[in-house]
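Peer 1: I need the structure of the sequence given here:
(chains A and B)
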Amino acid sequence: GIQVEQSPPDLILQEGANSTLRCNFSDSVNNLQWFHQNPWGQLINLFYIPSGTKQNGRLSATTVATERYSLLYISSSQTTDSGVYFCAVVGFGNEKLTFGTGTRLTIIP
Amino acid sequence: DGGITQSPKYLFRKEGQNVTLSCEQNLNHDAMYWYRQDPGQGLRLIYYSQIVNDFQKGDIAEGYSVSREKKESFPLTVTSAQKNPTAFYLCASSADRSYQPQHFGDGTRLSIL
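Peer 2: Predicted coordinates:
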């Protein structure tokens, strides 16, 4: 099945810093989503981005499908950005969303 | 408001008991999914359903069962055959097939007494 790798596994930043999270996947995809899991376990949809670039406030994402990677950018980090960020994909011909192991982001005041 | 409702938020089970987790959605989505998350891990697919009265096993279906009698509802039963049921369970839905974005409920934490 399709493999999803996220990096870095852990990231600790000062409030106000910018960050880039990476997601590599092993095959062509027709669904790629970025999620934020907050400390209470809620999984929040950030982006549905199988290709191209999207922005939502301080967050933006880019997927380069031909090179099989996606990037999530967080600017001017706030403590509420802390949590685990997951990338998940569905490969062509597949029906299952496969999750990466996540990047744990900690923002220090 | 439209969304996915999971209940209860916390559930305790005695060994040897079956327990059922509820998942209801009012998004008019065709597809629904159940995932399991262990501490510090990603999500793994248990079962999914793309249409009423039909469902398929995911990667870790052993010890679990589901039904899909109504479009809005996709309950998950954790049976006594599941040897390590303590986990966080998340339900999701999508408009159509899985290449549509999935939306998640708030989860149920299951613990063994």
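
Peer 1: pairing partners for the least confident helix or strand in chain A by mean pLDDT, with directions?
Peer 2: Of all the helices and strands that make up chain A, the one with the lowest confidence by mean pLDDT, DSSP states H and E is strand A:98-99; it has a mean of 92. Strands that pair with strand A:98-99, judged by DSSP bridges, come out as strand A:83-91 (antiparallel).

Peer 1: can I get the strand it pairs with as PDB, trimmed to CA atoms?
Peer 2: Output of strand A:83-91 as PDB, limited to C-alpha atoms (Å, rounded to 0.1, in the frame of the first residue of the first chain):
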ATOM      1  CA  GLY A  83      -0.700  19.700  18.800                       C
ATOM      2  CA  VAL A  84      -0.100  17.000  16.200                       C
ATOM      3  CA  TYR A  85      -0.300  17.700  12.500                       C
ATOM      4  CA  PHE A  86      -1.300  14.700  10.300                       C
ATOM      5  CA  CYS A  87      -1.000  14.300   6.500                       C
ATOM      6  CA  ALA A  88      -3.300  11.700   5.000                       C
ATOM      7  CA  VAL A  89      -3.700  10.500   1.400                       C
ATOM      8  CA  VAL A  90      -5.800   8.200  -0.800                       C
ATOM      9  CA  GLY A  91      -3.900   6.600  -3.600                       C
END
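
Peer 1: can you tell me what sits against it?
Peer 2: With contacts defined as Cβ atoms under 8 Å, 6 or more residues apart in numbering or on different chains, strand A:83-91 is touched by A:1-2, A:4, A:6, A:21, A:23, A:25, A:27-39, A:43, A:46, A:70, A:72, A:96-100, A:102-105, B:42-43, B:98-99, B:102. C-betas here are computed from N, CA, C, even on glycine.
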